[in-house]
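**Student:** structure for this input, please:
(2 chains)
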2 protein chains.
Amino acid sequence: MTILRMSTLFHRTLRDDPNDAEVASHRLLVRSGYIRRAAPGIYTWLPLGWRVLRNVERIVREEMERAGFQEVHFPALLPREPYEATGRWADYGDNLFRLQDRRGADYLLGPTHEEMFTLLVKDIVTSYKDLPVSIFQIQTKYRDEARPRAGLLRGREFVMKDSYSFDIDDDGLTRSYEAHRAAYIRTFERLGLPFVVVAATSGAMGGSASEEFLTPMSAGEDTFVRCPSCGYAANTEAATSAAPHADAHSGAEHPPSQVVNTPDTATIAALVELLNERDDLARADGRAWTAAHTLKNVVVSVRRTDGSFEPLAIGLPGDRELDLHRLAAQMEPAEVATFTDADFTRHPELVKGYIGPGALGSERGVRYLVDPRVAAGTAWVSGADAEGRHAIDLVIGRDVHPDGTIDVAEVRAGDPCPACGHGLDIERGVEMGHIFQLGRKYAEAFDLKVPGPDGKLATLTMGSYGIGVSRAVAAIAETTSDDMGLRWPPEVAPADVHLVAAGKDAAIVEFAEQLAADLAAKGRTVLFDDRTDASAGVKFRDAELVGVPLIVIVGRGLADGVVEVRDRRSGDRLDFATDDVLAQIIAATRR
Amino acid sequence: MTILRMSTLFHRTLRDDPNDAEVASHRLLVRSGYIRRAAPGIYTWLPLGWRVLRNVERIVREEMERAGFQEVHFPALLPREPYEATGRWADYGDNLFRLQDRRGADYLLGPTHEEMFTLLVKDIVTSYKDLPVSIFQIQTKYRDEARPRAGLLRGREFVMKDSYSFDIDDDGLTRSYEAHRAAYIRTFERLGLPFVVVAATSGAMGGSASEEFLTPMSAGEDTFVRCPSCGYAANTEAATSAAPHADAHSGAEHPPSQVVNTPDTATIAALVELLNERDDLARADGRAWTAAHTLKNVVVSVRRTDGSFEPLAIGLPGDRELDLHRLAAQMEPAEVATFTDADFTRHPELVKGYIGPGALGSERGVRYLVDPRVAAGTAWVSGADAEGRHAIDLVIGRDVHPDGTIDVAEVRAGDPCPACGHGLDIERGVEMGHIFQLGRKYAEAFDLKVPGPDGKLATLTMGSYGIGVSRAVAAIAETTSDDMGLRWPPEVAPADVHLVAAGKDAAIVEFAEQLAADLAAKGRTVLFDDRTDASAGVKFRDAELVGVPLIVIVGRGLADGVVEVRDRRSGDRLDFATDDVLAQIIAATRR
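**Tutor:** Residues are numbered from 1 along each chain as shown, chains lettered A, B, ... in the order given. Here you go, the predicted model:
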């Protein structure tokens, strides 16, 4: 179909890594001449990179269309009003690029388009008979990341596919969600991108069922747990803890709780050390005290969406840290802030280092939620709300009455799987896709109702589904490359064949030219290294770096009637007879 | 290939025109469900509109690639620095969307990308051997138009194809320019878009050879002259006047000039009336004085790029108005401002209504340029720089010595063609493409030099080439539609066939379903009106409105063994036998 001649291609490989590249995909995409940085988190696509991005787009589009979803396209420059109506103009904070036009009207560069999709459906859909409908776009989006990093993995201008489904009822939403889930699995499989589907929280969007498609990689910013036994997987923000704790204290037979003097024990470590030094406080079973026996109470300030603040205390086993990301995810749309010295001054009953259940609870003005492991019947050592004093043998449900539970402790490798109890693995990954049941939040905000089968107006329920398209280019590069360079899966590669004319002999040049023409005539895209000012060594190195799946070398072997074919991914090398090589390449590049 | 079922298509036609639509294309694209307004000059594409836009993109891309140009893609969100380096950050004025990121760094939304292309080539190209190179992108661009109007014809967010050529010398630039010119002609022909190639000024870009591809239409904002005899065509801003004027006064034999009292003649009309009333001022040939015999001097203030101002006087035949667009185009990058009362106060020698050549000229501090018709040897009546006084028999070159000529008078229908003398037509059009030889302005600004064949560094010379992609959708709609709706050329239409099942009989539905499947199997895109809740009349009206080139109606005729096929463009209607209709449609939709 196409011959891309490296003698004229707008392309240049670099010998050295760029200074600002932190991850392999970023280094390799720049070095191999696929992308260039235009500003922090903002990139220019060179011809080879642009071909890869368009291949990814094509695959995503084909799978969306195969599933019956319909493509639309919204502007990136959006008026403030719809985002004001849902509160997101403010909620997005610094992540939103805002600007004004010449008349002073406020605009934003769209980070996501829930508002616009909802308004468009309100305009077009007039009856339940028009439903279900799923519409999508593949579009350039903007997010003013605090720390744009890792090249295309976290850009400020990036390409996304976003879809929304609209249904008249919850069953419809479930079906639409499953249709997207299936389309996403097909899409990521075709992209050649490893992925794990993990349970997720729904972020700022609200809603219920929510799953992420994560590609495991060390450069990832997301952490997730995965059970090697049963396959359970969840974003750490959404992971649920197995409760009660495996070595939970039995409570009913416990002695009554008592307050003891524990001077200079404002830290868990100091407290445990003192408990183990004091014979009078020795445990009944004779084993040593550990941090896991203590109940740590952390107080934070919660900023509600109406701007008001309330204190919140969280009780955790003393050997666990509070995971602020998990807490933030659970509290959304409210925000979490540090409990300041001024806050402590307003709450003299909260004694730093010695905060105990006795000062906590809604009836005392401080909502008190505990980790699932702090279950009814378990016994703990905790603060006694006075300097140098702790309570021991505090039994939950007997002595302590929390307002509820909250699952926001750090997750650790080896923690028991909530599904099967096996120890969990913790891995890092990048979010490549997200599907979730958004529900009626936006439909309610914009009064999106249509007559249902019974003639009554019904508010529609929505699903929201995204795929990082430009991010996928980097994720594929990141997960498939090796020390020598990129290694594209065939469907996304910028060409089917990288043909190298390794030598200046007329016979070599002539054979290579004919092979390029024959391959193009058969519908293949050939990246043809026809340069006369590059050595064979340079050409081989560039071919490894650029990463087209099949490298065909017309060189010295030609005199013996053979052409070498290298599989860039497996590393296999085979010599083919000159009169057979065309057929072999065609067979190897068949889709 | 594809069946788009209207029963499930995300689509709705409107019976009434939208309120805010000024031109036919805007009205029809909204009514027929192709686009929706998101904000002034900013539009959302619905599925059918998006298909048309992507068809236009595809055609443009194919023709660029056929010409050997290579596709890249720049960000739309651009850092200020490169635009500061060329002065365009300021020069663009209110037309530029500017914003700041969370760190307070300045950004803009790219209206054109000269700076970015130049910097990228500086990064990639290292030798004259890499040249010539032409690179292009198809991208969303932004311009904060003062009066966004006419729908997609003048939007604030729009899709453009922009290319730049880079050559080592002027001959190379000429060749690159011609290659683009040829590719543009092929592109517009394939788009089915009528066009005229007109001589143009180069606008804010600087540079030399420059031509526009205008599509004639009454809704156009550009006016151009065209000679029906020899084919000369030019944007009115760039049109040159035939000079001297056809009834030019002969000068040598003229009597000496004299100053006469002409009370209350501050306007040309009053002056002409007085001249014709006064026997002592009767013309030698006895014919009446007209405004064309008078020399009107208009003073403006010119703001140089360094911010300083200078006065400029322009001498025109009294029957001509100064065309401010032509003046602005000729003065760029300097700007033209009104000569204010304060300016007149600073120049007491300029007497309003009586300004004459005696007060003008560089040596008197007011640069004086005259219309080409005010040629050496012609004689005029003009102001005498005193209230109620005029000079007659002023001969250019004898009594008046202008600093030069300037061609900025209004152009009129019937003015002689500068090429052949035939009377010119004046038409309105929309700029669909622009090609011009930009030269070395940007290469110099960014020090873009490479070693030439002689080993010496040479500054590259650039060409700049644009096509309005989203604008083309509107221009095609505007020039091809009729009272009943859109009429797409086959290559850009959202479908090949609009198939209407006109009736609910099982036989009709069954035949239509089979025909849709057969057409799709043959690679055709079928817009299939399979709705069960729309009457045949509504379906016919929608088919006319939506404008797919071939409308196939399976209806009552089926009982007689015939299917009706309508050509939406010619209006032709033909009945085909049911066993022949598939072959006929396949033949009619062959590309």
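
**Student:** what's near enough to touch the residue in the stretch 151-300 of chain A that chain B sits nearest to?
**Tutor:** In the stretch 151-300 of chain A, no residue comes nearer to chain B than A:Glu157, which is 4.9 Å away by C-beta to the nearest C-beta. Every C-beta, even on glycine, is put in place using the N, C-alpha and C of the backbone. For A:Glu157, the contacting residues are A:41-43, A:140-142, B:75-77, by C-beta atoms under 8 Å, 6 or more residues apart in numbering or on different chains.

**Student:** just those residues now: which is nearest A:Arg566?
**Tutor:** Within these, proximity to A:Arg566 (C-beta to C-beta) peaks at A:Tyr43, which comes in at 29.6 Å.

**Student:** now do the phi/psi pair for the closest residue to that closest one other than its chain neighbours.
**Tutor:** If you skip the residues right next to it in sequence, A:Tyr43 has A:Ile35 as its closest partner in space, 4.8 Å away by C-beta to C-beta, 6 or more residues apart in numbering or on different chains. Main-chain dihedrals, A:Ile35, degrees, to the nearest 10: phi -140, psi 160.

**Student:** one more: A:Ile268?
**Tutor:** phi -60, psi -40.

**Student:** got it, and A:Ala506?
**Tutor:** The phi/psi pair for A:Ala506 (degrees, to the nearest 10) is phi -60, psi -40.

**Student:** okay, now it: neighbour count?
**Tutor:** Other residues near A:Ala506 come to 8 when the count uses other C-beta atoms under 10 Å in any protein chain shown.

**Student:** from A:Ala517, how far out is it?
**Tutor:** To A:Ala517, A:Ala506 is 16 Å away according to C-beta to C-beta, to the nearest Å.

**Student:** and what of A:Val198?
**Tutor:** According to C-beta to C-beta, A:Val198 stands 48 Å off from A:Ala517.

**Student:** closest residue of the stretch 351-500 of chain A to chain B?
**Tutor:** Counting by C-beta to the nearest C-beta, the stretch 351-500 of chain A gets nearest chain B through A:Ser470, at 10.1 Å.

**Student:** for the residue nearest to that residue when sequence neighbours are not counted, name its beta-bridge partners.
**Tutor:** Leaving out its chain neighbours, the residue that sits closest to A:Ser470 by C-beta to C-beta, 6+ apart is A:Val159, at 4.2 Å. Listed beta-bridge partners, A:Val159: A:Thr140 (assigned using DSSP bridges).

**Student:** correct me, but A:Val272 touches A:Ala292?
**Tutor:** No: with contacts defined as C-beta atoms under 8 Å, A:Val272 does not count as touching A:Ala292, sitting 9.4 Å away.

**Student:** which residues do the two both contact?
**Tutor:** A shared contact of A:Val272 and A:Ala292, defined by C-beta under 8 Å, 6+ apart, is any residue touching both; here these are A:Gly318.

**Student:** who has more neighbours out of those two?
**Tutor:** In this comparison of A:Val272 against A:Ala292, neighbours counted by other C-beta under 10 Å, the higher total goes to A:Val272 at 21 against 16.

**Student:** quick one: buried residues of the host helix or strand of that one?
**Tutor:** With elements delineated by DSSP states H and E, A:Val272 resides in helix A:268-277, which encompasses its position. Residues A:268, A:271-272, A:274-275 are the ones in helix A:268-277 that count as buried (16 or more other C-beta atoms under 10 Å in any protein chain shown).

**Student:** relative to the helix or strand that that helix is followed by, what are the paired strands and their orientations?
**Tutor:** Using DSSP H and E, the next helix or strand after helix A:268-277 towards the C-terminus is strand A:294-303. In the sheet containing strand A:294-303, its partner strands are strand A:309-317 (antiparallel), strand A:335-338 (antiparallel), strand A:379-383 (parallel), by DSSP bridges.

**Student:** who wins for proximity to B:Ser535 among those?
**Tutor:** With C-beta to C-beta, the closest approach to B:Ser535 among those belongs to strand A:335-338: 55.3 Å.

**Student:** just the CA atoms of the closest one, as PDB, please.
**Tutor:** Below are the C-alpha coordinates for strand A:335-338, written out as PDB (Å, rounded to 0.1, in the frame of the first residue of the first chain):
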ATOM      1  CA  GLU A 335     -12.400  16.700  50.700                       C
ATOM      2  CA  VAL A 336     -10.000  15.700  53.500                       C
ATOM      3  CA  ALA A 337      -7.700  18.200  55.200                       C
ATOM      4  CA  THR A 338      -5.200  18.000  58.000                       C
END
